[in-house]
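**Student:** Next input, structure requested:
(one chain, ligands or ions: 1)
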Amino acid sequence: MARLVLLVVFGVLGLTAIACSSAKPTPVPISSPAVHVVTTIYPAVYFTQRVGGDRIRLTSIVPTGAHAHDFEPRPSDLAAISKADLVVYVSEFFETWMSRALESAGSSVMAVEAAHIEDEHGTTGEKDGHGHGHDQADPHVWLNPHEAIEMVERIRDALIEVDPEGRDTFEANADSLIAELESLESRMSQALEGCRIKTAVVSHEAYGHLLEDFGVEQAGLSGLEAEEAASPATIARIVDLMREQGIRHVLAEPVVNEKLVAQIAETVGATVLPLHPLEYLTSAEAAAGSTYFTIMDRNLESLQTALDCP
Ligand SMILES: [Zn+2]
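**Tutor:** Alright, predicted model coming up:
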């Protein structure tokens, strides 16, 4: 009896030891339940689930369809983080609340920041309490397949650290996901090289990383944060820009800025096409089985039309 209690206690301590020590990971016993991973926004959820497969039990604390930029963790979310074997998030520039959440959860929680983004000054540092603003780094890195691959590799390595016996599974799953991302990257190069229009008019300036390799700028109704309201000056500037450059399309994400997008399109006689930042899925998209890849392919079609690509 005493021995059984000791084993249980050791089991709990063992998990804690894995969580706080990267130097000496303790193997998870074969009979242990799946590794419990807590994640945040959709790219972290999708990439983690693909790499973790059946070996992980995944909880996302950011609800489907939420305005991801506005999310603030509730006490129950903080409790979930404190009990996780691993926390996967995208970036301190997106989940600006994460460092405080991890601090309140204590030092024993292992967390991986999947994207390592440098801000405009080449440093990473403390943010104010209001999310990322104009003068800060663009956190929408997952929209660039090359940067998405780096995220997948960091998630894979973190999973191996908490569950070393899953190494073969995690490596095989990551390899197949990376192959899909490489294939997407080559589809993008083919679709977006040499486009006639050099500015994408978008509802939210989430596409810097996606467009950076193709010499295309973005003009957004909202800046880096989706919920910022467009000023009359911004709207006037975009209308002028569209008329000057002969831009015939406004690229709009679901839910956000819908009325304003429609109004601008009508003013200029432009067409609205979907362009999705993928920081969330709507409930309808989740129910329809949409994924990162199906939505990225639709994004590509919209961009090809809007930018008048060959
Ligand atoms: Zn965004």
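
**Student:** just so I have it, where are all the helices in the stretch 101-250 of the chain?
**Tutor:** 145-162, 167-192, 208-211, 232-245 (DSSP state H, counting those that start in this stretch).

**Student:** Okay, domains of the protein per the record?
**Tutor:** Following automatic domain parsing, the chain resolves into domains at 16-24+31-118+130-187, 194-306.

**Student:** Remind me which helix or strand Val88 belongs to.
**Tutor:** According to DSSP states H and E, Val88 maps onto strand 86-89.

**Student:** Who does that strand pair with, and is each partner parallel or antiparallel?
**Tutor:** For strand 86-89, the paired strands and their directions (DSSP bridges) read strand 35-39 (parallel), strand 111-113 (parallel).

**Student:** Take these and lay them out in TSV including mean neighbour count, distance to the ion and mean pLDDT.
**Tutor:** C-beta coordinates here come from the backbone N, C-alpha and C atoms, glycine included. What follows is the strands paired with strand 86-89, written out as TSV (neighbours: other C-beta atoms under 10 Å; distance: least, C-beta to the ion, whole Å; pLDDT from 0 to 100):
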stretch	mean neighbour count	distance to the ion	mean pLDDT
strand 35-39	24	17	97
strand 111-113	20	17	98
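
**Student:** can I get these in JSON lines with distance to Asp70?
**Tutor:** As requested, these are exported to JSON lines (distance: least, C-beta to C-beta, whole Å):
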{"stretch": "strand 35-39", "distance to Asp70": "18"}
{"stretch": "strand 111-113", "distance to Asp70": "20"}
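
**Student:** List the contacts of the residue lying closest to Asp77 once chain neighbours are set aside.
**Tutor:** Among residues not flanking Asp77 along the chain, Ile61 sits closest, at 4.1 Å (C-beta to C-beta, 6 or more residues apart in numbering). Contacts for Ile61 (C-beta atoms under 8 Å, 6 or more residues apart in numbering) come out as 38-40, 73, 77, 80-81.

**Student:** Which pLDDT value belongs to the spatially closest residue to Ala174 that is not a sequence neighbour?
**Tutor:** Leaving aside its sequence neighbours, Ala174 sits nearest to Arg156 (C-beta to C-beta, 6+ apart; 4.0 Å). According to the predicted model, the pLDDT of Arg156 comes to 98.

**Student:** who's in contact with Arg156?
**Tutor:** 51, 170-171, 173-174.

**Student:** ok, 7 Å please
**Tutor:** By C-beta atoms under 7 Å, 6 or more residues apart in numbering, the contact set of Arg156 is 51, 170-171, 174.

**Student:** Got a PyMOL select line for the buried ones in these?
**Tutor:** Selection of buried members from those for PyMOL, criterion 16 or more other C-beta atoms under 10 Å:
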select buried, resi 51+170+174
